[in-house]
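*Asks:* got a structure for you, letters missing:
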């Protein structure tokens, strides 16, 4: 049995997930290119946020979905990337390419330094340590006068007329994370990540240097979140710790990746589109209960679709298999 | 010297509350391997229950301790039976997310019912305190500490002496063997989760005496509960108590830090989460099994 066949048996439809789902996701990406032509500022921001969450969800997917290290602190990298842009802007450098490049370098280094101790932890310990990193970084930035402390910094790049630049920059970042995930998943790197997720000791016995691969996955995921942050900061025009390290930016990407399908290529994008879209509509029409709905949504998704939507694309046996799967994890 | 003694006493008083917060969290984690992100929300519900009983019926907060426990025990028992047991054997992430979703639900329901306003439970004895050797001790905090010690003692006795308590400890040691001996694991799980919620409710009642009550009040306690558990050692009652006291004292001193490097002024009171993380990382690196912990697989 080939490795892919083994992966299909454990219910993921191969290392990249369903090919149909990937085609659907890429087609939707092409459609999203048209958004700025509508000249509707509100819609442009909504879809830019969807692309941003998608890029962060892909970052989480690599470490949480593929490598099996559930991180609850990816927002630390998003915030670090955003502050890279803010600092460059404060020094008179207003260039998105420079922003993204600096965010990637800083985040990769940050991830390696933090990852060396933290990636030795497993399971719950890793999850909470990462959450601690995000909270601590937010605390520290809020106390650093050089970064504007808790009152924040203004970040300005282009004038109102060229606002679409940010949209396309975010689109490129999202596309890069999708394609990056696809090619990483199919390379030796992706197989090593999945091997670590399925059984770290067995992977080590087979000659996979687990520490090195874990740090690689963590660093790449940090760069994905950081790139999204680097574009977000100037697009938003203003940055403070509560925006850069918000709970939403921490939690949405995780829920999106899981709703779509963690450890698949198309999952995070599909999850981002559905959840961010639903959230936006609810916020608009039912502002008071939209977080309530979000909580209920998480509970329902976890109970009826623990393996995500993409899993349904490749499901053999249709509704009966799905119904049977509902009691698979019962105590 | 006077300031040192005052910080030490403040730390011990705060640590007693933390111990009760961590106790339920530690049981649920140690016995079922669930990180219960809804723990903070249970705590918040306990605090609101106390507030409502006090505001509507003038029930003394210390008298509402058993009410908080029973109501939240029932809630936790139902949640475990009808929701979490459905995915009990799923990968850790699934339950992690499920409890997070539940926490969001409860916090937002509280937001609708009680709005986001700060509430307080102000009793006749709220401001009263006494002074020994220049150290000021508020009566409510002292009684809170005593209540915390009593609750910890009762839990320890119950877990070691009662039949259900022994079944709970058997389940945490070896599920298969426990099942063979006639323990109904799904039922035990529900009891343990109920206990976790009930103890969170009791902690909420105690906290409502000294802190403001609002829907988001549980979150800071959640991360502290985690650190206290790691610090004291997982799933042990005396570990939660000692971890809580140690953490309370460390935090009382760390938040007093106040110095300046160059033009950058650094004040410990703004860095509570960073302090928690530093304590957590040091413990995980130096003594991963906690102060009271035994080596486990």
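*Replies:* Arrived safely. Values in this document were obtained by computation on a predicted structure and should not be read as measured data. Numbers count the residues shown, from 1 in each chain, chains lettered A, B, ... in the order given.

*Asks:* pretty sure residue A:20 sits against residue A:310.
*Replies:* No. If you go by C-beta atoms under 8 Å, residue A:20 and residue A:310 don't touch, sitting 9.3 Å apart. (C-beta placed from N, C-alpha, C; glycine too.)

*Asks:* which one's more surrounded, those two?
*Replies:* residue A:310 (30 against 13; other C-beta atoms under 10 Å in any protein chain shown).

*Asks:* what distance do you get for the more buried one to residue A:52?
*Replies:* From residue A:310 across to residue A:52, the span is 21 Å (C-beta to C-beta, to the nearest Å).

*Asks:* how about low-confidence regions in chain A?
*Replies:* For chain A, the stretches with pLDDT under 70 are A:1-14, A:159-160, A:314-318.

*Asks:* for it, longest helix please?
*Replies:* helix A:210-236 (DSSP state H).

*Asks:* which strands and helices lie in contact with that one?
*Replies:* helix A:41-60, helix A:75-90, helix A:96-118, helix A:164-186, helix A:188-198, helix A:200-205, helix A:241-244 (3 or more C-beta pairs under 8 Å, 6 or more residues apart in numbering or on different chains; DSSP states H and E).

*Asks:* between the ones you listed, which gets nearest to chain B?
*Replies:* helix A:96-118 (6.7 Å; C-beta to the nearest C-beta).

*Asks:* and the closest one, what's buried?
*Replies:* For helix A:96-118, a neighbour-count test (16 or more other C-beta atoms under 10 Å in any protein chain shown) marks A:96, A:99-100, A:102-104, A:106-108, A:110-111, A:114-115, A:118 as buried.

*Asks:* from the middle of its chain, how far away would it be?
*Replies:* Distance, stretch centre to chain centre, for helix A:96-118: 15 Å (C-alpha atoms, centre = their mean, to the nearest Å).

*Asks:* after it comes which helix or strand?
*Replies:* For helix A:96-118, the succeeding helix or strand toward the C-terminus, using DSSP states H and E, is helix A:123-142.

*Asks:* give the contact list for residue 235.
*Replies:* Using chain A here. For residue A:235, the contacting residues are A:48, A:163, A:166, A:169, A:170, by C-beta atoms under 8 Å, 6 or more residues apart in numbering or on different chains.

*Asks:* other chain: chain B
*Replies:* Residue B:235 neighbours (C-beta under 8 Å, 6+ apart): B:26, B:27, B:29, B:30, B:31, B:172.

*Asks:* what does it show for phi and psi?
*Replies:* phi 70, psi 10 (degrees, to the nearest 10).

*Asks:* do the one 3 residues further on as well
*Replies:* Note on residue B:238: backbone dihedrals following degrees, to the nearest 10 are phi -70, psi -30.

*Asks:* gap between it and chain A?
*Replies:* Separation of residue B:238 from chain A (C-beta to the nearest C-beta, to the nearest Å) stands at 21 Å.

*Asks:* correct me, but that residue touches residue B:157?
*Replies:* No. If you go by C-beta under 8 Å, residue B:238 and residue B:157 don't touch, sitting 11.9 Å apart.

*Asks:* if you count surrounding residues, which of those two has more?
*Replies:* Neighbour count, other C-beta under 10 Å: between residue B:238 and residue B:157, residue B:238 has more, with 15 against 12.

*Asks:* what helices or strands is the longest helix seen in chain B leaning on?
*Replies:* Secondary structure of chain B read by DSSP H shows that its longest helix is helix B:2-32. Helix B:2-32 makes packing contacts with helix B:39-57, strand B:135-138, helix B:139-161, helix B:163-173, helix B:185-210, helix B:218-232, helix B:237-254 when contacts are defined by 3+ C-beta pairs under 8 Å, 6+ apart.

*Asks:* at 10 Å what do you get?
*Replies:* helix B:39-57, helix B:65-82, strand B:135-138, helix B:139-161, helix B:163-173, helix B:185-210, helix B:218-232, helix B:237-254 (3 or more C-beta pairs under 10 Å, 6 or more residues apart in numbering or on different chains; DSSP states H and E).

*Asks:* buried set for that helix?
*Replies:* B:6-7, B:9-32.

*Asks:* neighbours of residue A:221, how many?
*Replies:* As a burial measure, residue A:221 scores 29 neighbours (other C-beta under 10 Å).

*Asks:* what does residue B:124 give?
*Replies:* Neighbour tally, residue B:124, other C-beta under 10 Å: 7.

*Asks:* got a pLDDT number for it?
*Replies:* Residue B:124 carries a pLDDT value of 74.

*Asks:* do you know how far it is from residue B:29?
*Replies:* With C-beta to C-beta as the criterion, residue B:124 and residue B:29 are 38 Å apart.

*Asks:* return the distance of stretch A:173-181 from the chain's centre.
*Replies:* For stretch A:173-181, the distance to the chain centre is 11 Å (C-alpha atoms, centre = their mean).

*Asks:* go on, stretch B:77-93?
*Replies:* That offset, for stretch B:77-93, works out to 21 Å (C-alpha atoms, centre = their mean).

*Asks:* quick check: angle from the longest helix of chain A to helix A:75-90?
*Replies:* 50 degrees (axes from the mean of the first three to the mean of the last three C-alpha atoms, to 10 degrees).

*Asks:* can you pull the buried residues of helix A:210-236?
*Replies:* Buried residues in helix A:210-236 (16+ other C-beta under 10 Å): A:210, A:213-236.

*Asks:* stretch A:23-38 too?
*Replies:* Quick answer for stretch A:23-38 (16+ other C-beta under 10 Å): A:24, A:25, A:26, A:29, A:32, A:35, A:36.

*Asks:* quick one: those as JSON lines, columns for distance to chain B and secondary structure too.
*Replies:* Output for the buried residues of stretch A:23-38, formatted as JSON lines (distance: C-beta to the nearest C-beta, whole Å; DSSP: H, G, I helix; E, B strand; the rest coil):
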{"residue": "A:24", "distance to chain B": "24", "secondary structure": "helix"}
{"residue": "A:25", "distance to chain B": "22", "secondary structure": "helix"}
{"residue": "A:26", "distance to chain B": "27", "secondary structure": "helix"}
{"residue": "A:29", "distance to chain B": "26", "secondary structure": "helix"}
{"residue": "A:32", "distance to chain B": "27", "secondary structure": "helix"}
{"residue": "A:35", "distance to chain B": "30", "secondary structure": "helix"}
{"residue": "A:36", "distance to chain B": "33", "secondary structure": "helix"}
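
*Asks:* show me what contacts the spatially most central residue of chain A?
*Replies:* The centroid of chain A falls nearest to residue A:57 when counting by C-alpha atoms, centre = their mean (1.9 Å). Residue A:57 makes contact with A:64-65, A:74, A:174, A:177, A:224-225, A:228, A:252-260, A:262, A:267-272, A:275-276 under the criterion C-beta atoms under 10 Å, 6 or more residues apart in numbering or on different chains.

*Asks:* before we move on, what about residue A:280?
*Replies:* A:42, A:43, A:45, A:46, A:47, A:49, A:50, A:290.

*Asks:* where does residue A:207 land in three-state SS?
*Replies:* coil (DSSP: H, G, I helix; E, B strand; the rest coil).

*Asks:* for it, give me its contacts.
*Replies:* Counted by C-beta under 10 Å, 6+ apart, residue A:207 has contacts residue A:192.
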